[in-house]
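# Fold the following for me, if possible:
(2 chains)
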Amino acid sequence: MTLDILTQIIASGLTLGAMYAVSTVGLSLVWGSLGMLNLAHGGLMAFGGYSAYYAMGALGLPLPAGLLAAILMGGLLGALTYHGAVRFMLRQKAFETNVVIATVGLAFVLENAVLKLFGAQAQRQPLQVEGAIQVGNVVVPLQNILILATALLLMLLVALLLKKSRIGRAVRATAMNREAAQLMGVRVGQIYALVLMLAGALAAVSGVMISSLTGLSPGMGADPMLKAFIICVVAGLGNVYGAVSAALALGLIEALAQFVLGVRFGFATLLLIVIVVLIWRPNGLFGRQQVTRL
Amino acid sequence: MSWRGHLIVGLLSLAIAVALPFVFNINYLVTQVTLAFIYGTVVTQWNLVYGVAGIFSLAQMALFAVGAYAAAMLGFYFGWSLWIAMPVAALITVVVSVLIGLACLRLRGPYVALLTLAIAQVLYLVIVNDTDCYTTEGSGCLPFFGGVRGLTRFGELGFREWLGEDWRLGNYFVALALLALALIFSAVIMRGPLGLAFRALRDNPGLARSRGISRFKYQIWVFALSAFFTGLAGAFYAANYESIGPTVFSFSLLLFLIAMMTVGGIGTLWGPLLGAILLMGTDEVLRDYQEWRDIGLGLLLVFFVILLPQGLVGLINWRRERVD
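Just a heads-up that it's a prediction; the model follows:
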């Protein structure tokens, strides 16, 4: 009996954690390489979810095409964010705070564009797989397993891209030191655009995943985005690998808190964790110590 | 601008504001301008934290809500007159704000924004998710903080009895007085030694600290000082509408007020107020195109941050410098 409950908590905790990891990695990459807190991330998630919905529902395309549509839309919006706003602001003195305000504006545009295009009522995400498997006495839906597998695959691809490829090296170099990378011949502008496109695509995929469990609505990105921020903060903004482990850990904690304290206190527990972590370790659990030279 | 310049602008605006409800005595206009004054009060205080001290706190609307809820609950549970409950609520807000300031002490830049956003969200969730009945008197089950429906029937300011049909004018002039005091308050702080210390810590924290300016001390000061009129504005907001609900925590309202500061000019004395008046006005004009309002607001914000990060007042100052 106890074991069944534990299996249940672990199964739903891992699914939550995997979804969070996908959305968090995008945020963390953007912060790590651009020093930019992207509050439009939730809007990107909603757009991704609705792109899959449109491709599969209105156009009648098969499942992989739905996912592909979300990825393309996310990448496109990422590129638009860079070429429409961020590139003009990089030289501003107060870039870090101004860009947050700009992305708040973008978030509003995205959310209301979804509202105008698809209406306010909640929709069912057609990107679903039916069926379930039995683990002990617990039934785990195939959808959860698909989410977990997709998330792991994406994390692996991102890690390979960052660690092994030429572009990945350029991204890491830019994150370390923008000027030095530029002097070594890295086209910093292109790298920034690429990082925002990648983050947009990851946000869109996580939007599809989340909406397959909770349904589609224009404001669906708000809560997951806040959770992604929490995970980023706990891991230390910009720490991509810390973000993945923190996402899984927090997914499990949330599932546990929902079981012990009731569903409505799961999110509140997460928020309390972030407040405590920020006060105790201002740079996050795995964040680098910021040494400021005067 | 010189002291005389500020004085002239201030007196002119005051004269217009006093004359306005007598020239156009339209109920709707009076209520909306009252609301503009309330928001104006909040942004002039938020500007002290964000613009002058350079701390990117998003907690201001949560503090506004603390003031509003404190006043409403003092009136509802203890039957206090709102005239006493409002200043007490403002003092409660100061205490809460100092606690938030302490929590933010070791953080910088966007981390402050994240922490303050998380705090605001916790307050919202505590209010909305609490469904246990605290009292069942009157209109049935009521959670301690009023839950999703919020609190009503906690008293009023008494202008209906005193002014009869013109009771809205009473609220209007209280809001105007609140705004004027808040503006003078922030002008005195900005021009005084405190403002100098805030700006020094914003522009060059290392140099400021090496000159003996304590970041700890001044950060607590700015959180405390900016909270008083914010809390008072919140309390008056509750009194003005005779109800308060969790909608004051909405992201849309937060965005609206950030946009006011950005459009007007962050860190300047008149900028936030100018932004408040302009955006409230634009909002009215766009009322018939409600569905485009939020998209327009978002695009406006992006436009200003990219092209005019100093806002309209920054633009005016830049032109004046060029002419000089």
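
# which parts of whichever helix in chain B runs longest are buried?
Determined from DSSP state H, the single longest helix within chain B is helix B:215-241. For helix B:215-241, burial by neighbour count (16 or more other C-beta atoms under 10 Å in any protein chain shown) applies to B:218-223, B:225-241. (C-beta placed from N, C-alpha, C; glycine too.)

# Stretch B:31-44 now?
Those would be B:Val33, B:Thr34, B:Leu35, B:Ala36, B:Phe37, B:Ile38, B:Tyr39, B:Gly40, B:Thr41, B:Val42, B:Val43, B:Thr44, for stretch B:31-44 by 16+ other C-beta under 10 Å.

# quick revisit: any bit of the longest helix of chain B sitting next to chain A?
No - using C-beta under 8 Å from any C-beta of the partner chain, helix B:215-241 stays clear of chain A, coming no nearer than 12.4 Å.

# I'd like the next helix or strand past that helix.
strand B:243-244 (DSSP states H and E).

# Next SSE downstream of that next one?
Assigned by DSSP H and E, the successor of strand B:243-244 is helix B:251-264.

# Determine how far the longest helix of chain B lies from the middle of the whole chain.
8 Å (C-alpha atoms, centre = their mean, to the nearest Å).

# Show me what it is packed up against.
Judged by 3 or more C-beta pairs under 8 Å, 6 or more residues apart in numbering or on different chains; DSSP states H and E, the packing partners of helix B:215-241 are helix B:27-47, helix B:60-78, helix B:82-103, helix B:167-191, helix B:193-203, helix B:205-210.

# Could you tell me the average pLDDT over the last one, please?
On average, the pLDDT along helix B:205-210 is 86.

# Also stretch B:149-165?
On average, stretch B:149-165 scores 79.

# what about A:Gly266, distance to chain B?
10 Å (C-beta to the nearest C-beta, to the nearest Å).

# which SSE is that residue in?
Going by DSSP H and E, A:Gly266 is part of helix A:266-280.

# Kindly calculate the angle that that helix makes with helix B:82-103.
Counting by axes from the mean of the first three to the mean of the last three C-alpha atoms, to 10 degrees, helix A:266-280 points 60 degrees away from the direction of helix B:82-103.

# Any stretches of the stretch 201-324 of chain B with poor pLDDT?
B:322-324 (pLDDT under 70).

# Quick check: residues of it near chain A?
Neighbours of chain A within the stretch 201-324 of chain B, by C-beta under 8 Å from any C-beta: B:206-207, B:210, B:251-252, B:255, B:258-259, B:262, B:291, B:294-295, B:297-302, B:305-307, B:309.

# In PyMOL, how would I select just the buried ones from the residues you listed?
Of those, the buried ones go into a single PyMOL selection, burial set by 16+ other C-beta under 10 Å:
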select buried, chain B and resi 251+255+258+259+262+294+295+297+298+300+301+302+305+306+309
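
# coming back round to it: give me whichever of the helices and strands packed on helix B:215-241 is most buried.
Most buried of these by mean neighbour count (mean count of other C-beta atoms under 10 Å in any protein chain shown) is helix B:60-78; its value is a mean of 26.

# and the direction of that one versus that of helix B:251-264, what angle?
130 degrees.

# Which residue ranges of chain A form helices?
Under DSSP H, chain A gives helices at A:2-34, A:41-53, A:63-81, A:87-89, A:95-118, A:142-164, A:166-176, A:178-183, A:188-214, A:222-235, A:240-261, A:266-280.

# separation between the residue minimising distance to the centre of chain B and chain A?
In chain B, the C-alpha nearest the mean C-alpha coordinate belongs to B:Val42, at 1.4 Å (C-alpha atoms, centre = their mean). Distance, B:Val42 to chain A, by C-beta to the nearest C-beta: 17 Å.

# for B:Cys133, same thing?
Relative to chain A, and taking C-beta to the nearest C-beta, B:Cys133 is found at 16 Å.

# Does that residue touch B:Pro143 like I think?
Yes - counting by C-beta atoms under 8 Å, B:Cys133 touches B:Pro143, with 6.7 Å between them.

# quick one: which of those two has more around it?
B:Pro143 (18 against 12; other C-beta atoms under 10 Å in any protein chain shown).

# so what's the backbone phi/psi at the more buried one?
B:Pro143 adopts backbone torsions of phi -70, psi 160, taken as degrees, to the nearest 10.

# What about the residue lying closest to A:Leu148 once chain neighbours are set aside, how many residues nearby?
Closest residue to A:Leu148 in three dimensions, ignoring its sequence neighbours and counting by C-beta to C-beta, 6 or more residues apart in numbering or on different chains: A:Ala18, at 4.8 Å. Neighbour count of A:Ala18, defined by other C-beta under 10 Å: 24.

# what residues are up against A:Ala18?
Residues counted as contacts of A:Ala18 (C-beta atoms under 8 Å, 6 or more residues apart in numbering or on different chains) are A:Ile147, A:Leu148, A:Thr150, A:Ala151, A:Leu152, A:Met209, A:Ala247, A:Leu248, A:Gly251.

# any residues touching stretch A:276-283, and which ones?
Outside stretch A:276-283, the residues touching it (C-beta under 8 Å, 6+ apart) are A:233-234, A:236, A:284-285, A:287, A:289-290, B:103, B:106-108, B:111, B:114-115, B:118.

# Pull out the buried positions in it.
A:Val277, A:Leu278, A:Arg281, A:Pro282, A:Asn283.

# In JSON lines, list those along with pLDDT.
Supplementary listing: the buried residues of stretch A:276-283 in JSON lines, determined by pLDDT from 0 to 100:
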{"residue": "A:Val277", "pLDDT": "81"}
{"residue": "A:Leu278", "pLDDT": "77"}
{"residue": "A:Arg281", "pLDDT": "78"}
{"residue": "A:Pro282", "pLDDT": "75"}
{"residue": "A:Asn283", "pLDDT": "74"}
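
# thinking again about what came up before, of the contacts of A:Ala18 - the most surrounded one?
Counting by other C-beta under 10 Å, top hit in the contacts of A:Ala18: A:Met209 with 33 neighbours.

# follow-up on the earlier one: next, work out how far apart the residue nearest to A:Leu148 and A:Met176 are.
Remark: distance between A:Ala18 and A:Met176 (C-beta to C-beta, to the nearest Å) = 29 Å.

# And the helices of chain A, which one averages the lowest pLDDT?
Mean pLDDT is lowest for helix A:266-280 out of the helices of chain A, coming in at a mean of 78.

# Now do the same contact list for the residue nearest to the centre of chain B.
So B:Val42 contacts B:Gln60, B:Met61, B:Phe64, B:Thr230, B:Ala233, B:Gly234, B:Leu257 (C-beta under 8 Å, 6+ apart).
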